[in-house]
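Chemist: Just the structure for this:
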Amino acid sequence: MPDEKNSLAPSNDACHRALAAYMHDHPELTAEEFARRLKLSGNTVREWLNDPSVKIHKRNRARLAGLLTRYITHEIAEDPTPYGAAPKTIRNTEALRAVLAYAMAGADYVTLARRAAMKPQTLTRLMDGNLGTWYPANLAALCQAIHIDPDRLPVSPAEAQLLDASAALGPDVHPTRPVWVLSLAQAASIHDIREPLDHMNTWDCDTVPIVDTRDLRAVLLDGDSMIPRYHPGTIIVFDPADNRPENGETVVAKIHDGPCVVKQYRRVGDTILLTSLNHSGDCRDFELTPADIEWISPVLYSLRKERN
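Modeler: Okay, here's the model as predicted:
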């Protein structure tokens, strides 16, 4: 259940004024139809419309803020908390989720997540309210993917500035950064993948432009062990700061005194299983303990290497 402390809700009076103005501007809309958008009963909405003194629960005020942003954005902007819990992030409020959910209705989360440069699981957790903050670049990219103006989002002025900076290049240009693409052999020689890769310009490596503000890494898959999910020549992108994969995820892992591999992850107690999807040929699986792994990160997304 979403944390109500993370719900950016305008005042009761602001919601009543906004609701009355919205229904006045949309005379064809019935109370029942509007209630369905909020996942509430028609009687509840009719009670709000008939009696401006009725108290609207904070959770419902946050939902109203999401649907009636244009009518009450100025009220939301007065919230005293300017940022998310982490610096330069945007709070994942219920009002924000309501706006996004309405625009995302019927869309494929996997496709949207890829366009927003995040994992589908991350997008799902954000929209379920289980993650507290958005990275501005990801939120700006998602807005572009669902054709919504970031100015419509119920965020504070400080958060809006972060979004403006992320979307400053315009709707058809993505803010990108080059990420080094390592071979698995090169990655196996790196003992701490989180360290800056300042020496990469002395290696025989390519770069790939990534739409993300995080310090990501990438490896080039050269085997067939992960067919049919990933084929040889696929560029695997991951965030070295994320070292807690979930069971069933594909990971990039450096085995102590061993290779760097791309495998499917499963942990049972203190046993970590790194397995191939393709069990033909010489594809190798690993049964390890946490001490056997120098570093590990779940795959963020993949890119097909362009052919020359």
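
Chemist: and the longest strand for this structure?
Modeler: strand 293-304 (DSSP state E).

Chemist: Look up how far Trp295 lies from Ile193.
Modeler: The gap separating Ile193 from Trp295 is 5 Å, by C-beta to C-beta, to the nearest Å. For every residue, glycine as well, the C-beta is placed using N, CA and C.

Chemist: Low-confidence ranges, the stretch 201-308 of the chain, go.
Modeler: 201-202, 211-213, 305-308 (pLDDT under 70).

Chemist: Please, which helix or strand holds the residue sitting nearest the centre point of the chain?
Modeler: Residue closest to the average C-alpha location in the chain (C-alpha atoms, centre = their mean): Leu123, at 4.1 Å. Taking DSSP states H and E as the definition, Leu123 sits inside helix 120-127.

Chemist: What are the boundaries of the helices in the protein?
Modeler: Residue ranges of the helices in the chain, as given by DSSP state H, are 12-25, 31-38, 42-50, 58-67, 69-76, 94-104, 109-115, 120-127, 136-145, 157-166, 184-188.

Chemist: so which of the ones you listed comes closest to Arg217?
Modeler: Nearest to Arg217 among the helices of the chain is helix 184-188 (7.8 Å), distances taken as C-beta to C-beta.

Chemist: then that closest one to PDB, C-alphas only?
Modeler: In PDB, the C-alpha atoms belonging to helix 184-188 read as follows (Å, rounded to 0.1, in the frame of the first residue of the first chain):
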ATOM      1  CA  LEU A 184      33.400 -10.100 -20.900                       C
ATOM      2  CA  ALA A 185      37.200 -10.800 -20.700                       C
ATOM      3  CA  GLN A 186      37.800  -7.100 -20.000                       C
ATOM      4  CA  ALA A 187      35.100  -6.900 -17.400                       C
ATOM      5  CA  ALA A 188      36.600 -10.000 -15.700                       C
END
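
Chemist: what is in contact with Ile193 and Trp295 at once?
Modeler: Here Ile193 and Trp295 have 240, 254 as joint contacts, going by C-beta atoms under 8 Å, 6 or more residues apart in numbering.

Chemist: In contact with Val219, which residues?
Modeler: Going by C-beta under 8 Å, 6+ apart, Val219 touches 181-184, 187, 235-236, 238, 252, 260, 262.

Chemist: Buried among these? Need that as a selection in PyMOL.
Modeler: Here is the PyMOL selection string for the buried members of those, based on 16 or more other C-beta atoms under 10 Å:
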select buried, resi 181+182+183+184+187+235+236+238+252+260+262
